[in-house]
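A.B. asks: After the sequence you'll find the predicted model.
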Amino acid sequence: MTEIPLSPQATAFRFDDIPDYYTCAFLIETQRRVFLLDTFAGPDSMTTLRERIDAIQADRQVVVVNSHFHWDHVWGNSVFEDFPIIAHDRCRETLVARWDEQVERSGRFMQGKAGRVFPSVVFGDRLSFLEDGIELFHSPGHTDDSISLFDRRTESLYVFDNLERPIVYVEDKDVDRYIATLESYRRLNPKHIHGSHTVNLDDSDITQTIRYLKGLQAGIPRTFETDYETKVHRENMAFVGKGI
């Protein structure tokens with residue numbers, strides 16, 4: 001695990017345990033709360049972060065956020081089951097329904113025994129912590145349960161898996177809605193954009209991803225520089241029903 005400072009109040013924790021891409025969890029501190037965004041791939045991966053949170057918590061409330069249901073964002077939940085775990089309502093529903101399927105497909109990446117701990121607080125459109133300047137909102141795109149977080153104090157937008165380089169994974173067939181989510185990010189006018197698999201992003205990544213998604217919808221042939229990009233693109237095309 002590598003710590004990457006984002007601001008005096010925020011840190012990214014980068015995990016390089018999965019081939020082809022890294023994954024980040026994030027810690028945001030306010031005067032009243034400590035927010036942990038995602039719990040990576042199992043309890044063993046979260047031991048150091050739990051110790052860190054216990055050391056800095058003092059009398060502040062700890063809030064855990066699951067950005068969406070995928071295993072590399074939720075399998076460490078059991079380390080934090082004594083705290084509220086917040087997610088979109090579809091995230092909890094999908095995680096309950098597909099927990100065993102994810103273990104069967106990707107269990108080789110599990111770090112420690114991941115207990116079946118699901119979000120305990122769910123919301124629909126948005127959930128605001130007004131005193132902290134933190135807003136969670138539904139942002140379907142990568143998956144239909146995806147959420148994003150905007151920290152108004154630093155004008156930092158956390159997009160999780162909705163943006164990443166070199167290519168995004170598409171696991172929601174409503175590509176128009178994905179594009180609308182990306183366009184909505186611009187209305188926030190963020191100074192900083194952070195993603196789970198690409199720590200630092202910018203407006204050009206929004207532009208390029210919208211262009212890619214429109215090409216995906218149209219079934220426009222594309223070539224890529226790496227086998228990884230080609231593989232992801234093939235899966236995206238198959239998922240949205242275009243095929244290549």
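C.D. replies: Arrived safely, thanks for sending.
A.B. asks: Just give the closest residue to residue 89, not the sequence neighbours.
C.D. replies: residue 122 (4.0 Å; C-beta to C-beta, 6 or more residues apart in numbering). C-beta coordinates here come from the backbone N, C-alpha and C atoms, glycine included.
A.B. asks: How about the backbone phi and psi for that neighbour?
C.D. replies: Dihedral pair for residue 122: phi -130, psi 160, per degrees, to the nearest 10.
A.B. asks: what sits against it?
C.D. replies: 86, 87, 88, 89, 91, 92 (C-beta atoms under 8 Å, 6 or more residues apart in numbering).
A.B. asks: Which ones among these lie within strands?
C.D. replies: 86, 87, 88 (DSSP state E).
A.B. asks: So residue 65 versus residue 167, what's the distance?
C.D. replies: Residue 65 sits 25 Å away from residue 167, going by C-beta to C-beta, to the nearest Å.
A.B. asks: Then residue 7?
C.D. replies: 28 Å.
A.B. asks: Among the contacts of residue 122, name the buried ones.
C.D. replies: 86, 87, 88, 91, 92 (16 or more other C-beta atoms under 10 Å).
A.B. asks: Retrieve the pLDDT associated with the third one.
C.D. replies: In the prediction, the pLDDT value recorded for residue 88 is 98.
A.B. asks: partner residues bridging it?
C.D. replies: Beta-bridge partners recorded for residue 88 (DSSP bridges): residue 123.
A.B. asks: mind checking how far it is from residue 105?
C.D. replies: 22 Å.
A.B. asks: cool, and the last one?
C.D. replies: Counting by C-beta to C-beta, the gap from residue 92 to residue 105 is 20 Å.
A.B. asks: which one among the contacts of residue 122 gets closest to residue 71?
C.D. replies: Of all those, residue 71 sits closest to residue 91, with 12.4 Å by C-beta to C-beta.
A.B. asks: you'd agree residue 10 is up against residue 151?
C.D. replies: Yes - between residue 10 and residue 151 there is a contact under C-beta atoms under 8 Å: 7.1 Å.
A.B. asks: Residue 65 and residue 167: which is more packed in?
C.D. replies: Ranked by neighbour count (other C-beta atoms under 10 Å), residue 65 and residue 167 place residue 65 first, with 27 against 19.
A.B. asks: just how off-centre is stretch 206-219 within its chain?
C.D. replies: Relative to its chain's centre, stretch 206-219 lies at 20 Å (C-alpha atoms, centre = their mean, to the nearest Å).
A.B. asks: For it, give me every contacting residue.
C.D. replies: By C-beta under 8 Å, 6+ apart, the residues outside stretch 206-219 that reach it are 163, 167-168, 170, 175-176, 178-179, 182-183, 185-186, 193, 222, 236-237, 240, 242.
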